[in-house]
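Novice: Build the 3D model from these lines:
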Amino acid sequence: MVNSAPGFNQQPNVINGFSDLILELYGPDRGAHSRSAVGLAELPFNIPVEIEGEVELIRNQHLQEG
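Specialist: This is a model prediction of the structure:
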């Protein structure tokens, strides 16, 4: 969600920065994701951007054996 002024329609470009970061940190296999980019007139506490995500945690096999 992007805190947007009336007439601003570049929300996907704002969210691109987060997508780029996730892909850089986790690589294309683990960092692949779907997303939405929505403009809102106001966000809580006047924040500029809100990112929501769901992740799946997989226990390392070596940790299960030890």
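Novice: Could you check how far the nearest residue to Ala41 once chain neighbours are set aside is from Arg35?
Specialist: Computed as CB to CB, 6 or more residues apart in numbering, the closest residue to Ala41 that is not its neighbour in sequence is Ser4, at 7.1 Å. Heads up, the C-betas are built off the backbone N, CA and C, glycines and all. In this structure, Ser4 lies at 16 Å from Arg35, with CB to CB, to the nearest Å as the measure.
Novice: more crowded one of those two?
Specialist: Applying other CB atoms under 10 Å to Ser4 and Arg35 shows that Ser4 carries more neighbours, namely 18 against 13.
Novice: just to revisit the earlier point, let me know the distance separating the residue nearest to Ala41 from Gln61.
Specialist: When distances are taken as CB to CB, Ser4 and Gln61 turn out to be 45 Å apart.
Novice: Which element, helix or strand, includes the closest residue to Ala32 other than its chain neighbours?
Specialist: Using CB to CB, 6+ apart and skipping residues adjacent in sequence, the residue nearest Ala32 is Leu23, 7.8 Å away. Applying DSSP states H and E as the criterion places Leu23 in helix 11-31.
Novice: From the chain's centroid, how far away is that helix?
Specialist: 7 Å (CA atoms, centre = their mean, to the nearest Å).
Novice: now stretch 5-23
Specialist: Averaging C-alpha positions (CA atoms, centre = their mean) puts stretch 5-23 10 Å from its chain's average.
Novice: Quick check: buried residues in that stretch?
Specialist: If you call a residue buried by 16 or more other CB atoms under 10 Å, then stretch 5-23 has these buried ones: Gln11, Val14, Ile15, Ser19, Ile22.
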